[in-house]
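A.B. asks: with the input below, show me the fold.
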Amino acid sequence: MPPRKPLDGKTEALRRRGCLNANPQSVRDDVYRGDDFFDPRDLVQVKYEMLRRARVDGQSIAACAAAFGFSRPTFYQAQAAFEGQGLPGLISRKPGPRRAHKLSEQVVDFLEGLLVDDSELRTAELVVAIQRRFGLEVHARSVERALERRKKKRR
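C.D. replies: Okay, here's the model as predicted:
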């Protein structure tokens, strides 16, 4: 197991940017032992070194993945991301949608129109109206958030 690095601001910086390796103890490659340059907490660095080891040094994918604490599928995902986007592709992204994909501008416009006609409509009634008009199953809280975002944009 690599020696623990002293706690500093780097851990928090890596966490904020989505680059903190959740399992630095699983990095067993020798280069991460005793060298302050190589930091097993730095997920981008670890993934890059894993890919480099396979491509440049010719080590097997299975051996590289194991030495750096990853599965083979994760190796292939990192490889595809790196080939398509370079180093930024190795930065983890939060899973799930990046925006309100069901509640498009058109749907929110529809909701606002309903609320102009009847400002007393409850969220549950708006959910039913969306289902009838657009055939979409949405959660009541999603409707509330979409309307709140729209209000903030107008300010």
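
A.B. asks: now do stretch 9-22: everything it contacts.
C.D. replies: 27, 39-44, 46, 69, 91-94 (Cβ atoms under 8 Å, 6 or more residues apart in numbering). Bear in mind the C-beta positions are built from the backbone N, C-alpha and C, glycine included.

A.B. asks: the same query, at a cut-off of 6 Å, please.
C.D. replies: Contacts to stretch 9-22, defined as Cβ atoms under 6 Å, 6 or more residues apart in numbering, come from residues Arg41, Leu43, Val44, Val46, Ile91, Ser92.

A.B. asks: equivalent analysis for stretch 148-155, please.
C.D. replies: For stretch 148-155, using Cβ under 6 Å, 6+ apart, the contacting residues are Val108.

A.B. asks: tell me the buried residues in whichever helix or strand Lys10 is part of?
C.D. replies: In the assignment (DSSP states H and E), Lys10 maps to helix 9-16. Within helix 9-16, the residues that count as buried by 16 or more other Cβ atoms under 10 Å are Thr11, Leu14.

A.B. asks: not counting sequence-adjacent ones, nearest residue to Leu147?
C.D. replies: Nearest residue to Leu147, sequence neighbours excluded (Cβ to Cβ, 6 or more residues apart in numbering): Leu111, at 6.3 Å.

A.B. asks: under the pLDDT cut-off, which ranges of this protein? List them.
C.D. replies: 1-7, 94-100 (pLDDT under 70).

A.B. asks: quick check: domain ranges of it?
C.D. replies: Domains of the chain are assigned by automatic domain parsing as 9-90, 105-149.

A.B. asks: so of those, which one's packed in deepest?
C.D. replies: Stretch with highest mean neighbour count among the domains of the chain: domain 9-90 (a mean of 16; mean count of other Cβ atoms under 10 Å).

A.B. asks: for that one, measure first residue to last.
C.D. replies: For domain 9-90, the first-to-last residue distance is 21 Å (Cα to Cα, to the nearest Å).
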